[in-house]
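Peer 1: Here's my sequence, what's the structure:
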Amino acid sequence: MIVGDRSFFAVEFELDQEYGSDWLFGKFCYWIRDRRLGDYELGASLRDVLFSLDTLVQDNGNRTHLDLFGLTRSDLFTRLDGALFGYEPSQYDDVAVKESWARFNVGYLWMCLMGGNYI
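Peer 2: Numbering: from 1, shown residues only. A predicted model of the protein is given here:
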C-alpha cells in the first residue's frame, strides 16, 4: 500500500502473509520525488517502524543543537552513541538526559531503510 504521492512524498508498506503475530513482519520504505528510500524487499517489523515513526514525529523540528553540530562527524557520533547506547558511564550522560539527546535517535528506522547499515 502506498500512502501519499510518490512524486513528492509517500510511505509504502505491506504486511507479510506470515506476519509473526505481534511482530507484524512486512516491508517498508519512503518515496521522495519518485525515488525509493530504503530496501523494501529486506523487510522489517512494522510494529517497530510504527514506534519509531511516533518518536520521529514527536521530535519534528527539534533536532538542532549548536554545540553538538559544531563537532566533527566522528566526535558527534562518538558522543551521541556513548550517551545513548554506551555500556560504561560517559561524562555526557547527565547532559544527554537534561537536553533530551534521544531526539536524535532514528537508529531503528535508519536500519530498516538502509538494509541494516547503521551509518
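Peer 1: All the strands of the protein, in order from the start?
Peer 2: Counting by DSSP state E, the chain has strands at residues 2-5, 9-15, 25-32, 35-37, 44-45.
Peer 1: Reformat those into JSON lines and put mean neighbour count and mean pLDDT next to each item.
Peer 2: Every residue, glycine included, has its C-beta placed from N, CA and C. Output for the strands of the chain, formatted as JSON lines (neighbours: other C-beta atoms under 10 Å; pLDDT from 0 to 100):
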{"stretch": "strand 2-5", "mean neighbour count": "12", "mean pLDDT": "95"}
{"stretch": "strand 9-15", "mean neighbour count": "15", "mean pLDDT": "93"}
{"stretch": "strand 25-32", "mean neighbour count": "19", "mean pLDDT": "91"}
{"stretch": "strand 35-37", "mean neighbour count": "12", "mean pLDDT": "90"}
{"stretch": "strand 44-45", "mean neighbour count": "22", "mean pLDDT": "88"}
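Peer 1: quick one: which of those is nearest Asp75?
Peer 2: Asp75 lies closest to strand 35-37 among the strands of the chain, at 26.9 Å (C-beta to C-beta).
Peer 1: follow-up on the earlier one: dump the strands of the chain into a markdown table; add distance to Arg63 as well.
Peer 2: Formatted as a markdown table, the strands of the chain follow (distance: least, C-beta to C-beta, whole Å):
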| stretch | distance to Arg63 |
| --- | --- |
| strand 2-5 | 22 |
| strand 9-15 | 18 |
| strand 25-32 | 17 |
| strand 35-37 | 18 |
| strand 44-45 | 22 |
